[in-house]
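A.B. asks: here is a sequence with its predicted model. Questions after.
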2 protein chains.
Amino acid sequence: MSGLSEIARAAGVSISTVSRVLNRRAGVNEETRQRVLSVLAEMPYTPRGLGALQRTGVIGLLVPELSNPVFPAFAEALETRAARLGYSSLLCNTRSGAPMGEEEYVRMLLARGVEGMVFVSPEITNVEVPLGQAPRPSYYAKLLADGVHMVFLNGATPALDVPDVTVDEQLAGYMATRHLIELGHERIGFVSGPARSLPSRLKRAGWAAALEEDHLPAGSEYVAHAPFSAEGGGQAVAQLLDTVTPTAVICSSDHMALGVMREAHQRGISVPEQLSVVGFDDIPLAAYSSPALTTLAQPIEEMAAAAIDELVLRLDPDRRRQGTDNYTRVFRPRLVARESSAPPK
Amino acid sequence: MSGLSEIARAAGVSISTVSRVLNRRAGVNEETRQRVLSVLAEMPYTPRGLGALQRTGVIGLLVPELSNPVFPAFAEALETRAARLGYSSLLCNTRSGAPMGEEEYVRMLLARGVEGMVFVSPEITNVEVPLGQAPRPSYYAKLLADGVHMVFLNGATPALDVPDVTVDEQLAGYMATRHLIELGHERIGFVSGPARSLPSRLKRAGWAAALEEDHLPAGSEYVAHAPFSAEGGGQAVAQLLDTVTPTAVICSSDHMALGVMREAHQRGISVPEQLSVVGFDDIPLAAYSSPALTTLAQPIEEMAAAAIDELVLRLDPDRRRQGTDNYTRVFRPRLVARESSAPPK
DNA sequence: AAGGGTCTTGCAAGGTTTTGCGAGAATGTT
DNA sequence: AACATTCTCGCAAAACCTTGCAAGACCCTT
């Protein structure tokens, strides 16, 4: 949240020059312009006095993609809740195009005068860092230091004092696996998202814990990594079917689970008779696949409400939380047993 | 494009009062507030600071909802194309909450300094106006007069000189029905969206035309209206199955078609053996249902590219289209025959 | 009817951004 | 080398927005 004067000082130019750069006016040397722009990249410009409506009633929502239906579902739930509290939402798809990363979108939103933002499955969860350790704080720390209000949804990190709302991924992995074990399965694969994804690693931990309780195999040969997509799910399950021939798999997302079921269908493997499939998310369409998908539901509405409420609490000067301490809410996933899981033949 | 002082003068209040209204501060009489707001509706407020930023590189995307996966798909395609041309996108879900209508979102986007916008299936298509007649121009005309750049995607109206990109809905209805006729079906129902929806009415016209060519029944008893949702599809097909017992149905959207297939499944009616189903949109998940959905594909990528290119053409002063004449591009839908359609038993 | 309280609104001070203007630097011309 | 032209960029004034404060209006109580 830097005004014109801070940026001018950092760039070693006058306020006027910064103003000219921002307004794309002529009369600024290209070299100077670049210097100002690079400073601007470091400290996002948020007009303060003029035009900078402090209470704009607008918040930003950042989702990583739109093709997995869980993100539109979260977006809609967040928007609905925000609208009820008098805020309108600007939605940004951070992986929409190569040139724009999450960071650039944040800067753009700040310049557009959003009061705060909700990050859904933020970039910060994609890190090659052992479980338990804290990843590099990256630019979120800077935003935080600048007093930008934000909330993480399904993507916390202990390194940052940001309120976060998440579903218990590890418990989800455990519950899904437990469900399959109780049905009598003994070879249970994990169709996982990329290895760098923290949620996938947490789910795997839960999966392994459940299996080890019953002395069932939980080695890495039972885990196949692939991108978060239906195609990825198909690829990953193909790999498992070609090697360890599981009788059941759990998946990192419903979206991947749909790919799994399609691959099974194409191979003539019937679900659930020959292969049980458990998804994760409970996207609205999960009930509409056939067989209807057994899945671990994230309480999307409740989580969205919690995230928005927490953000608004910090936005609203009247009811601003006293100690803005690290606020974490963990939601329990809920098993929704439908048709895609059954005892093995 | 008015500053605070113009608005204050127009509303007959002081600048301070307008400022307070804009910032939602307490201490303004409700009556006064409404007066200011109504003036604000007439002359949108654009603070010098932001409004002066002529080339913000930001465009707005307005979609009616997010639960039907076709809209996220369009949004992502639009964003990707825009990003490639150096524009970042702000996405708004106009039906996210009761209080915010499309119109308010437009105003908000304008105040946030967007350069132009793409309306996907805009409100204007929801009108109780006979086919061929022009609906009331509504507030779009005012935007147009103010020089706001916009493009309609799947929602044109001849009354407005706005470039538009659409799929040929009537042809889609015709092609879907033709496909089923050629398979040998004779009782073909139409699971339609609400009667006020122009696209649904166009599809119905195509459906009726195909049926009448072969002297097959095309009466209103073969048409069931329901909201655009999976639940709606289920309700509508239930109504048809209880009355005219069609051997095949076409649907206003894939989303509805999924509901149709679920309802059939629950009634023990097998698809496609006992009921053929043809959807519309070719959402990414259509290939992942089972049976995989036969559908009429909208060329989403191409349409999105056409819409963005047209908008950017008008935005960019260098390559601005000379005669900004009414530009319309109509895309042909494409039949994607998958598993949900087959000859009747 | 007077007094006190609350609500509403404009004024003016204070902070922020834009812009006209001029000085200095860089480049071109004679 | 001297001068003219153009370009850059800061200064300072103007324009603009926010906010504390006080005056006026309205209502209720005494």
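C.D. replies: Received it, and whenever you're ready, just let me know what you need.

A.B. asks: all contacts plus neighbour counts: C-alpha atoms, from now on.
C.D. replies: Will do.

A.B. asks: and for A:Gly27, the neighbour number?
C.D. replies: 10 (other CA atoms under 10 Å in any protein chain shown).

A.B. asks: now swap in A:Ser220 and tell me
C.D. replies: 11.

A.B. asks: OK, contacts around it?
C.D. replies: By CA atoms under 8 Å, 6 or more residues apart in numbering or on different chains, the contact set of A:Ser220 is empty.

A.B. asks: residue boundaries of the helices in the stretch 201-345 of chain A?
C.D. replies: A:230-243, A:254-266, A:300-315 (DSSP state H, counting those that start in this stretch).

A.B. asks: is the last one anywhere near DNA strand D?
C.D. replies: No: for helix A:300-315, no contact with DNA strand D is found by CA under 7 Å from any atom of the strand; the gap never falls below 13.5 Å.

A.B. asks: just the CA atoms of that helix, as CSV, please.
C.D. replies: Extracted in CSV, the C-alpha atoms of helix A:300-315 (Å, rounded to 0.1, in the frame of the first residue of the first chain):
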residue,chain,number,x,y,z
ILE,A,300,-18.0,-25.5,0.5
GLU,A,301,-20.8,-23.2,1.7
GLU,A,302,-19.6,-23.2,5.3
MET,A,303,-16.0,-22.8,4.4
ALA,A,304,-16.8,-19.9,2.1
ALA,A,305,-18.9,-18.2,4.7
ALA,A,306,-16.1,-18.6,7.3
ALA,A,307,-13.5,-17.1,5.0
ILE,A,308,-15.7,-14.2,4.0
ASP,A,309,-16.8,-13.5,7.5
GLU,A,310,-13.2,-13.5,8.7
LEU,A,311,-12.1,-11.1,5.9
VAL,A,312,-15.0,-8.7,6.5
LEU,A,313,-14.3,-8.8,10.2
ARG,A,314,-10.9,-7.4,9.5
LEU,A,315,-12.1,-5.0,6.8
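
A.B. asks: rebuild the helices of the stretch 201-345 of chain A as a markdown table, extending it with mean neighbour count.
C.D. replies: Below are those laid out as a markdown table (neighbours: other CA atoms under 10 Å in any protein chain shown):
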| stretch | mean neighbour count |
| --- | --- |
| helix A:230-243 | 21 |
| helix A:254-266 | 25 |
| helix A:300-315 | 21 |
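
A.B. asks: figure out which of these is closest to A:Pro122.
C.D. replies: When those are compared by CA to CA, helix A:300-315 sits nearest A:Pro122, at 13.8 Å.

A.B. asks: of all the helices of the stretch 201-345 of chain A, which one is nearest chain B?
C.D. replies: helix A:254-266 (5.9 Å; CA to the nearest CA).

A.B. asks: so what does that closest one touch, helix or strand wise?
C.D. replies: helix A:230-243, strand A:276-281 (3 or more CA pairs under 8 Å, 6 or more residues apart in numbering or on different chains; DSSP states H and E).

A.B. asks: can you list these in JSON lines and add mean pLDDT and distance to B:Val278?
C.D. replies: Listed next are those as JSON lines, based on pLDDT from 0 to 100; distance: least, CA to CA, whole Å:
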{"stretch": "helix A:230-243", "mean pLDDT": "96", "distance to B:Val278": "22"}
{"stretch": "strand A:276-281", "mean pLDDT": "97", "distance to B:Val278": "27"}
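
A.B. asks: out of the ones you listed, nearest to DNA strand D?
C.D. replies: Nearest to DNA strand D among the helices and strands packed on helix A:254-266 is strand A:276-281; the distance by CA to the nearest atom of the strand comes to 41.2 Å.

A.B. asks: what packs against that closest one?
C.D. replies: helix A:169-183, strand A:248-251, helix A:254-266, strand A:294-297.

A.B. asks: related to what we said a few turns ago, would you turn the helices and strands packed on helix A:254-266 into a markdown table with distance to DNA strand C?
C.D. replies: A markdown table is the format used below for these (distance: least, CA to the nearest atom of the strand, whole Å):
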| stretch | distance to DNA strand C |
| --- | --- |
| helix A:230-243 | 46 |
| strand A:276-281 | 43 |
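
A.B. asks: need the ones you listed in CSV (columns: distance to A:Ala145).
C.D. replies: Converted to CSV, these look like this (distance: least, CA to CA, whole Å):
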stretch, distance to A:Ala145
helix A:230-243, 38
strand A:276-281, 33
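
A.B. asks: would you tell me which of those gets closest to A:Leu293?
C.D. replies: Per CA to CA, nearest to A:Leu293 of the helices and strands packed on helix A:254-266: strand A:276-281, 6.8 Å.

A.B. asks: neighbouring contacts of the closest one?
C.D. replies: A:70, A:172, A:176, A:180, A:247-257, A:260-261, A:271, A:293-298, A:340-344.

A.B. asks: ok so A:Thr157 is a helix residue?
C.D. replies: No: using DSSP: H, G, I helix; E, B strand; the rest coil, the assignment for A:Thr157 is coil, not a helix.

A.B. asks: so what's the residue count around it?
C.D. replies: Neighbour count for A:Thr157, taken as other CA under 10 Å: 19.

A.B. asks: likewise for the one 3 residues further on?
C.D. replies: By the measure other CA under 10 Å, the count of residues near A:Leu160 is 17.

A.B. asks: same check, this time on the one 4 residues further on
C.D. replies: With neighbours defined by other CA under 10 Å, the count for A:Asp164 comes to 27.

A.B. asks: look up how far DNA strand D lies from it.
C.D. replies: In this view, A:Asp164 and DNA strand D are 28 Å apart by CA to the nearest atom of the strand, to the nearest Å.

A.B. asks: which stretch among the helices of the stretch 201-345 of chain A approaches A:Leu66 most closely?
C.D. replies: helix A:254-266 (11.5 Å).

A.B. asks: just the residues contacting the closest one, thanks.
C.D. replies: Under CA under 8 Å, 6+ apart, the answer for helix A:254-266 is A:68-69, A:191, A:228-234, A:236-238, A:250-251, A:270-271, A:275, A:277-283, A:286, A:289, A:293, A:295, B:288-290.
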